[in-house]
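Undergrad: model the structure of this input:
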Amino acid sequence: MPQKITAIIGIIISIVVLVGATLYISYWRGVSRYIQTQSAEVLFTVEPNSGVSDISAKLKTEGIIASPFYFDIYVAFQKIDRKLQAGEYMLNKNMNVRQIAKALSQGEAQSRERAIKIIEGWDIKDIAAYLVKEGVIKKENDFTVLTKHEIDTCFSLEACQASFLAQIPANADLEGYLFPDTYRIFKDASAEDIIAKMLTTMDEKITDDMKAEMTRQGKTLHEILTVASIIEREVRTPEDMKTVAGIFYNRLTAGIALQSDATLSYALNDKKPAHTSAELSLDSPYNTYKYRGLPPGPIASSGMAAIQAALYPAQTDYLYFLSDLETGTTYFAKTLAEHNKNKRLYLK
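TA: Residues are numbered from 1 along each chain as shown. Below you'll find the predicted structure:
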């Protein structure tokens, strides 16, 4: 009987060892497995407060691991489940679970990319100053020089080419043609790379239908972007933008000066909402108090709301408007008398 019991115990131990070995081999294979042998980088983001199951599910969805199970088990076994760090990582589909877990827990393989945010209403100088402040470029001139209509700038460099470049007047630069947006760029991106990305985005935003509408109206992209840039600097909401676009076109048709402080600010390189009588007499083609018609070109980068407003303006009888800078409310008027009344009521 003792021999029989000993044999049974031996069998049980053998089975346990065999099962354990099988499970271990399966586990080791699982955590050592990679999706593919070829290199294929994937930008992976771990959001703040993400749990292990959230991260593993996202890794599976984005095709970086085959199964969340082995990732969950591995990080728990290694006691690094609380060490997974939020952030951006440049992972690779030839990495196994162990390598991925190590990268996410130690902050390794951080993204080679970064984000920049170009704001609607910024001009070229604003963009250049921002890029210097963010450490993207060293000097503002590294950026601004490439926007000029000259040889060896983005008007001739192959990387910067966009379908509309040939349509830009010879006396104009890229002001207004650099689409404002949030961009992902490589950390070692050059000024040329950034301009090329912004030009390409503008090219994509101006659809064939929009181009057809410009042709129907007898307007050029340069004119539309010029009007859009003034609107972008003058008012805030899409509805107000469309109404103000209608006002500008009404004034242009009637031969009335636009009288925009935004264009004068561009000439004076200031951000003032109103100007003195001496400033209003400035002899500049961007002084739309002194000269009728549109200024020579855009004064800033416009978002889609302003561009759409310039192309599809509201039909209105208004000829005047003013904005409350504190509330953002815009007040419209059909006559100068009504406009002056609005000034007395709302400009304090």
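
Undergrad: going forward, measure contacts and count neighbours with C-alpha atoms only.
TA: Fine.

Undergrad: can you tell me how far the nearest residue to Gly107 once chain neighbours are set aside sits from Lys187?
TA: Nearest non-adjacent residue to Gly107, counting by CA to CA, 6 or more residues apart in numbering: Gln85, 6.4 Å away. Separation of Gln85 from Lys187 (CA to CA, to the nearest Å): 21 Å.

Undergrad: give me the more crowded residue out of the two.
TA: Between Gln85 and Lys187, counted using other CA atoms under 10 Å, the more crowded position is Gln85 (19 against 13).

Undergrad: show the pLDDT at that one.
TA: Per-residue pLDDT puts Gln85 at 87.

Undergrad: can you tell me the SS state at it?
TA: Per DSSP: H, G, I helix; E, B strand; the rest coil, the local secondary structure of Gln85 is coil.

Undergrad: quick check, it in contact with Val46.
TA: Yes: Gln85 is in contact with Val46 according to CA atoms under 8 Å; the separation is 7.1 Å.

Undergrad: if we can go back for a sec, what residues are up against the residue nearest to Gly107?
TA: With contact set as CA atoms under 8 Å, 6 or more residues apart in numbering, Gln85 has these partners: 46, 104-107.

Undergrad: just those: which are in strands?
TA: The strands, defined by DSSP state E, take in Val46 from those.

Undergrad: what ranges do the strands span in the chain?
TA: So, for the chain - with DSSP E - the strands run 41-46, 87-92, 113-117, 182-186, 320-323, 330-333.

Undergrad: strand partners (parallel or antiparallel) of the fifth one?
TA: In the sheet containing strand 320-323, the strands it pairs with under DSSP bridges are strand 330-333 (antiparallel).

Undergrad: just the third one next, same as before
TA: Strand 113-117 sits in its sheet next to strand 182-186 (antiparallel), going by DSSP bridges.

Undergrad: which of the residues in the partner strand are buried?
TA: Within strand 182-186, the residues that count as buried by 16 or more other CA atoms under 10 Å are 183, 185.

Undergrad: can you give the contact residues for it?
TA: Contacts of strand 182-186 (CA under 8 Å, 6+ apart): 112-118, 194.

Undergrad: now that strand: how far from the chain's centre is it?
TA: 7 Å (CA atoms, centre = their mean, to the nearest Å).

Undergrad: hey, C-alpha coordinates of that strand in CSV?
TA: Output in CSV follows, covering the C-alpha atoms of strand 182-186 (Å, rounded to 0.1, in the frame of the first residue of the first chain):
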residue,chain,number,x,y,z
THR,A,182,-2.1,71.5,-34.4
TYR,A,183,0.8,69.7,-36.2
ARG,A,184,2.9,66.7,-35.3
ILE,A,185,6.4,67.3,-36.4
PHE,A,186,9.7,65.4,-35.8
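
Undergrad: count the neighbours of Thr45 for me.
TA: Residues near Thr45, counting by other CA under 10 Å: 19.

Undergrad: apart from its chain neighbours, what residue comes closest to it?
TA: Of all residues not flanking Thr45 in the chain, Glu88 sits nearest, at 4.4 Å (CA to CA, 6+ apart).
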